[in-house]
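J.: Just to be clear, the model below is a prediction. Sequence and coordinates:
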Amino acid sequence: MTVTLNAGTVEERLAAVWSEVLDGVPVTRSDNFFELGGDSLLIIETVALAREEGLDFTPLDLIEHQTVAELAARITRAPLARSAEAAPEDFPLTAAQHRLCTAQPHPRHVTQSALWHADGLDAALLAAALTAVVDHHDSFRLRLVDGPGEARLRYAARTGVMLEHLDLSGRPTAARERELLAHTTRLQRSVDPGHGPLVRAALFELGDAGRRLFVTAHHLAVDGASWRILRADLTRSYRRLELGQPVDLPAPTSPYGVWARHCATGPAARATSPAARGARVADAATVTVRASEQVTATLLGRVRSELGVGMDAVLVAAVARAVARVNGLEQVGVEVEGHGRDTAPAGLDISRTTGWFTQLRTVVLTPGRPGPRALITAAGRELAAAGADAAGAVVPTVLVNYLGRFTERAEELFTDATEAVGADRYPDNFLSHPIEVHAAVDGARLVTVITCDGAAPAGAGAEALAAAYREVLEQLADALRGDAR
């Protein structure tokens, strides 16, 4: 039986969903999702949670209808039109996959990994839940196939995942840390995009430190947004099994291969692959910058409402100005890595599809000239105008990847652990760019990881860039508050 909801009921449920995703902020029917602090990655969580409440819409719907009232009207006006295309037999790699994976000397070891607390969880139920989740998402069946002309992706027969159970509890702390690092590195290097498996996992017994679940997957199967989907599905599956109930995950959305076939640009991107020019990962220097809670709150709270752009524009503006200052440059080319799910064609719903959806856009800024507000606005304008996977006239020296907001909620079953695990890139692989910047809002603070090639002695290049970046962030926040500096 289909239940028809009236507009008032839909608005109430939407407001409750938005409030939960946005850390409990009060939400009214006229509030704008993005002005409340939402971003394109939080859209995925919002869509998933809303569907559990019987509200069906796509990420594109939320981008086009940004208030509760507007989106409620869209939901009650007409049913969704979804693509009925079946997954293609094989399909080309995207430009990002060519440039960031297959151009590497060790393309097998390009992974993404998670280490989660698993205290008190039953190992058998956890293994069953993990198998159910991997079987549910077809990106784990992808295989990289070499052929005449160019490599392609193809689906293999469905395969599960084995959960190793490793007891490190009897070791001294230092030895335990070394073994954890060694085992996680082994698992990362054992994924095989050509023949499988694309995912490996282990449950570690760490004695008085508790239990940890480690999951690693080849980047071809997952991206940053995929982990949000997988963690939620793993929680749901485990809790169902714990209650003696069958796993009942939401229906899959459009197959990854359909999106890839729409968006792939073929091998032309390989000609200008930054990976061919980069330094080795092993020789890189990395510095982490943690902005203050005050700076983070100002940027999150004011940039959308006052300037009409997102945090990705702030990040690009701050990085470009810092790079220009440190290196004495007038123009800075920045390649921006986006998660791709907000650019899906109409009728293609990929809100619950895992895979590597990354799309690359190149923007060029002259960051030394404009004032802080004008610089952020210019970055937002360039981002909006840049075509996905389009090569620019200026070769970018910086890669910027904004991963959105992460907030661990009390009801989550799996929370991030802090022990050191293996690196997701083989040491002899190359940096994609001389400077790589990855950032996310973790709780109440913007955390930015800056990696530079090894040309500067003792990481001086990374340290100098980090100091300049921190100063620029503070200046941008001061400008938004109206403070003189």
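T.: Right, received. Where do you want to start? Numbering: from 1, shown residues only.
J.: Buried residues, stretch 106-122. List them.
T.: By neighbour count on 16 or more other Cβ atoms under 10 Å, the buried set for stretch 106-122 is 107-118, 121. Every C-beta, even on glycine, is put in place using the N, C-alpha and C of the backbone.
J.: end to end, how far does that stretch reach?
T.: 36 Å (Cα to Cα, to the nearest Å).
J.: Max pairwise distance over the buried residues of stretch 106-122: which two?
T.: P107 and L121 (33.6 Å; Cβ to Cβ).
J.: What is the strand or helix carrying A462 packed up against?
T.: Taking DSSP states H and E as the definition, A462 sits inside helix 460-481. Helices and strands touching helix 460-481, as assessed by 3 or more Cβ pairs under 8 Å, 6 or more residues apart in numbering; DSSP states H and E, comprise strand 285-290, helix 293-302, helix 311-327, helix 372-385, strand 445-452.
J.: how much space between N401 and T94?
T.: 15 Å (Cβ to Cβ, to the nearest Å).
J.: what about the two, which has more around it?
T.: T94 (27 against 21; other Cβ atoms under 10 Å).
J.: Pretty sure the more buried one sits against Q359.
T.: Yes: counting by Cβ atoms under 8 Å, Q359 is a contact partner of T94 at 7.3 Å.
J.: Looking at R470 now. What's its pLDDT?
T.: Per-residue confidence (pLDDT) for R470: 97.
J.: Surely it touches V287?
T.: No: counting by Cβ under 8 Å, R470 does not reach V287; the two are 9.9 Å apart.
J.: Okay, strands next: where are they in the chain?
T.: Secondary structure of the chain (DSSP state E): strands at 90-92, 111-117, 142-145, 152-155, 163-167, 199-205, 211-218, 285-290, 332-338, 359-365, 398-406, 435-442, 445-452.
J.: Check those strands for me: which has the lowest mean pLDDT.
T.: strand 90-92 (a mean of 85).
J.: name the helices or strands packed onto that strand?
T.: Checking 3+ Cβ pairs under 8 Å, 6+ apart, strand 90-92 ends up next to strand 152-155, helix 256-263.
J.: Okay, now the sheet partners of that strand, with direction.
T.: strand 152-155 (antiparallel) (DSSP bridges).
J.: how far out from the middle of the chain is the strand it pairs with?
T.: Put simply, strand 152-155 sits 22 Å off its chain's centre (Cα atoms, centre = their mean, to the nearest Å).
J.: Which residues does it contact?
T.: Here strand 152-155 makes contact (Cβ atoms under 8 Å, 6 or more residues apart in numbering) with 87, 89-93, 138, 141-145, 220, 257, 260.
J.: what about 6 Å?
T.: Residues from elsewhere that reach strand 152-155 (Cβ atoms under 6 Å, 6 or more residues apart in numbering): 90-92, 141-143, 145.
J.: Quick check: buried residues in that strand?
T.: 152-153, 155.
J.: How much space separates the residue nearest to G454 when sequence neighbours are not counted from C452?
T.: Of all residues not flanking G454 in the chain, D283 sits nearest, at 3.4 Å (Cβ to Cβ, 6 or more residues apart in numbering). To C452, D283 is 10 Å away according to Cβ to Cβ.
J.: Settle it for me: which of these two has more neighbours?
T.: More neighbours surround C452 than the other of D283 and C452, with 27 against 14 (other Cβ under 10 Å).
J.: one step back: quick check: of the buried residues of strand 152-155, which lies closest to R481?
T.: For the buried residues of strand 152-155, the residue nearest R481 by Cβ to Cβ is L153; the value is 47.6 Å.
J.: That closest one bridge partners, please.
T.: F91, L144.
J.: Distance of it relative to R141?
T.: The gap separating L153 from R141 is 10 Å, by Cβ to Cβ.
J.: Same check on V247?
T.: 18 Å.
J.: cool, A174 as well?
T.: Distance from A174 to R141, by Cβ to Cβ: 40 Å.
J.: now G210
T.: 33 Å.
J.: between these two, which one's more packed in?
T.: R141 (20 against 14).
J.: Retrieve the pLDDT associated with the more buried one.
T.: 93.
J.: Looks like it contacts A156 (just checking).
T.: Yes: at 5.0 Å, R141 and A156 qualify as touching, with contact defined as Cβ atoms under 6 Å.
J.: Count the residues that sit near I63.
T.: Neighbourhood size, I63 [other Cβ under 10 Å]: 14.
J.: OK, contacts around T397?
T.: P434.
J.: what about this structure, any weak spots by pLDDT?
T.: Residue ranges of the chain with pLDDT under 70: 1-7, 77-86, 147-149, 264-278, 343, 346, 387-394, 408-411, 455-460, 483-485.
J.: Could you dump the helices and strands packed on strand 90-92 into CSV and include distance to V303?
T.: CSV is the format used below for the helices and strands packed on strand 90-92 (distance: least, Cβ to Cβ, whole Å):
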stretch, distance to V303
strand 152-155, 37
helix 256-263, 28
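J.: between those, which gets nearest to G8?
T.: Closest of the helices and strands packed on strand 90-92 to G8 is helix 256-263, at 35.3 Å (criterion: Cβ to Cβ).
J.: can you list the residues that contact that closest one?
T.: Applying Cβ under 6 Å, 6+ apart, the contact partners of helix 256-263 are 85, 87-88, 91, 139, 345, 350, 353, 355.
J.: Likewise for stretch 241-250?
T.: Residues from elsewhere that reach stretch 241-250 (Cβ under 6 Å, 6+ apart): 125, 128-129, 132, 136, 233, 237, 240.
J.: What sits closest to the residue most central in space within the chain if chain neighbours are left out?
T.: For the chain, G224 is the residue whose C-alpha lies nearest the centre (Cα atoms, centre = their mean; 2.4 Å). The shortest distance from G224 to any non-neighbouring residue, by Cβ to Cβ, 6+ apart, is to L403 (5.0 Å).
J.: For the one you found, the count of nearby residues, please.
T.: By the criterion of other Cβ under 10 Å, L403 has 20 neighbours.
J.: With E412 instead?
T.: Neighbour count for E412, taken as other Cβ under 10 Å: 14.
J.: Looks like N32 contacts Q66 (just checking).
T.: Yes: in this structure, N32 is within contact of Q66 by Cβ under 6 Å, at 4.9 Å.
J.: So the two - more neighbours on which side?
T.: The residue with more neighbours, out of N32 and Q66, is Q66; 16 against 13, by other Cβ under 10 Å.
J.: quick one: the more buried one and L36 touch, right?
T.: No: between Q66 and L36 there is no contact under Cβ under 6 Å: 9.8 Å.
J.: Can you tell me which of the buried residues of stretch 106-122 is closest to R178?
T.: L115 (15.5 Å).
J.: Excluding chain neighbours, give the residue nearest to the closest one in space.
T.: Excluding the flanking residues, the one nearest L115 by Cβ to Cβ, 6+ apart is A417, at 4.6 Å.
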